[in-house]
Structure formats: C-alpha cells, structure tokens
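J.: Fold the following, please.
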Amino acid sequence: MFKSRRPDQTFEPLLGLRSVSAGYPTARVLHEVDLVVGTGEVVGLLGRNGMGKTTTLMTIMGRVRPRAGCIFFDRQLVDGLPPFRIARLGIGLVPEGGQVLRNLTVRENLVATARPPIGGRTGWTLDAVFDLFPRVCERADRFADRFSGGEQQMLAIGRALMTNPRLLVLDEATEGLAPFVRRDIWRVLAELKSRGHSLLVVDKNVASLGSLADRFYVLEKGRVFWQGSPAILLADPVTLHRHLGI
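T.: Residues are numbered from 1 along each chain as shown. The predicted model follows:
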C-alpha cells in the first residue's frame, strides 16, 4: 500500500508500470517509466505535447507493445495481451476526441459495448449513465453525429462506464471544449471519485485536475521527471513553467 496526499488514506495498487520502455517502429518514446494507480485513487499524468502521455496510455491498453519492463493490473501481468483482453479485465478508455460511433444513436453507442460488472459489484446501467449526464439522456434517440464535440465527449465517458471498468483512463477529456462543458466533465469526474472509482487522467488543465487528483506524474521526453502531491507541484512555478508551459 502507499499513502495519498491525505495522511489518513492509503491505496492498494491496482495498475503498475515497472521500468516500461515502449514506442513505435522508428522511435522509442517511453524510457523506463514507473507508474502506479491505486484502487480508488485519481492520478494525473502531465507533460508538454509529445512527451509520451498518450503513448503511455496506449501501452497500458495494449495498443503499443512494451519493449522492456512489465505492466500489472489487479496483480496480473498484462503486457503483451491484446487490447480486447485488457479491456475485459476492467480498464476502460476514453480516447482523445471521444471517437464515438457517429452513425449510431446515443442509446446504441452506450449499449454496443456494455458489459456486466466484474465480481458481482454494483455496476453502471443505462439509467445510471443518464442520471450522470442529463444532457445525454435528453438526446438518447438522436444520432451521435448530431452532437456537439462536448456532448460527444460526455457520451464517450458514458460509453466507457457502461463497460463497468475497475480503472477509467481518460486522454484529454476536456481539450478544446467550451467552459461550461469542461465544468460538467470535472463535476462528473469528482462524482466518480466520490464513488470510489480509480482514474488515470491526462489533461492540460492542471489546476482543475489538481483539485481532484491524489498524485501527479510529469513526463519529460518519455521519462518520469517528477511525481508527488498536486499541492507541491502547483506551488512550484519554475517546474510548472519549464515542464508544463504554465
């Protein structure tokens, strides 16, 4: 177990990367990355563009094969497994841009990949997702291509929740969205945290993520440059400017 920024709170490791190196045929992107997300913990993954954040998520999801190191999820070795098997173990991905099925209705998007919860836990249902996203519920029978970018992002989060993941991974879920939509998404993420969900979040809004996350990791050229409490990072203007451009 390890401690969060609250001294009375500890987390059992759920996801672990140990000395993971990974990349593409022409370039190695990640170099000996160590990262842990605990059960019920929210972890923020930060860094400038091109530092390896999305590659880290794609490696976790099995879409990029690690060249070295290992990845554990719920004490199982998962590196080398195909993406569908990793998803079935309980990792749900909300990719950058949402990538919803635009030729299906909202309801069809939500039920297309739905799965029952693992281990008999109370799970996410269509009604529960509609309660979380009233705007999505109002348009349940419309085709997704009629949705704004923000509404599609809400739908993408709901679709990932319908797989009943034990870990929800979000890649730039608020990027390029209107302020009121961003506020709604942060509200939803705070609600998920209050329900004990484990989250790994990539986002450029460090202040909003800092109010939610238990720990931060900062990537610099594919390596973990910094890790620790959001409060410590937010109080360090030199690191924020030099490594995050803030």
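J.: Next, the contact list for Ala114, please.
T.: Under the criterion of Cβ atoms under 8 Å, 6 or more residues apart in numbering, the neighbours of Ala114 are Leu126, Met162, Thr163, Asn164. Where you see a C-beta, it was placed from the backbone N, CA and C, and this is true even at glycine.
J.: again with Leu234
T.: Per Cβ under 8 Å, 6+ apart, neighbours of Leu234: Val206, Ala207, Gly210, Leu240.
J.: With distance to Pro230 as added columns, please give those in CSV.
T.: Below are the contacts of Leu234 laid out as CSV (distance: Cβ to Cβ, whole Å):
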residue, distance to Pro230
Val206, 8
Ala207, 9
Gly210, 4
Leu240, 11
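J.: What's the local residue count around Phe143?
T.: Neighbour count for Phe143, taken as other Cβ atoms under 10 Å: 15.
J.: what's the answer for Ala140, then?
T.: 15.
J.: What of Ser21?
T.: The burial count for Ser21: 17, using other Cβ under 10 Å.
J.: now Arg115
T.: Neighbour count of Arg115, defined by other Cβ under 10 Å: 15.
J.: Output the contacts of Ala114 as JSON lines; include the columns secondary structure and pLDDT.
T.: As requested, the contacts of Ala114 are arranged in JSON lines below (DSSP: H, G, I helix; E, B strand; the rest coil; pLDDT from 0 to 100):
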{"residue": "Leu126", "secondary structure": "helix", "pLDDT": "89"}
{"residue": "Met162", "secondary structure": "coil", "pLDDT": "92"}
{"residue": "Thr163", "secondary structure": "coil", "pLDDT": "93"}
{"residue": "Asn164", "secondary structure": "coil", "pLDDT": "94"}
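J.: Nearest to Phe216 among those residues?
T.: Nearest to Phe216 among these: Thr163, at 26.2 Å, using Cβ to Cβ.
J.: give the contact list for that closest one.
T.: Contacts of Thr163 (Cβ under 8 Å, 6+ apart): Ala87, Gly92, Thr113, Ala114, Arg115.
J.: Apart from its chain neighbours, what residue comes closest to the last one?
T.: Closest residue in space to Arg115, ignoring its immediate chain neighbours: Thr163 at 5.1 Å, by Cβ to Cβ, 6 or more residues apart in numbering.
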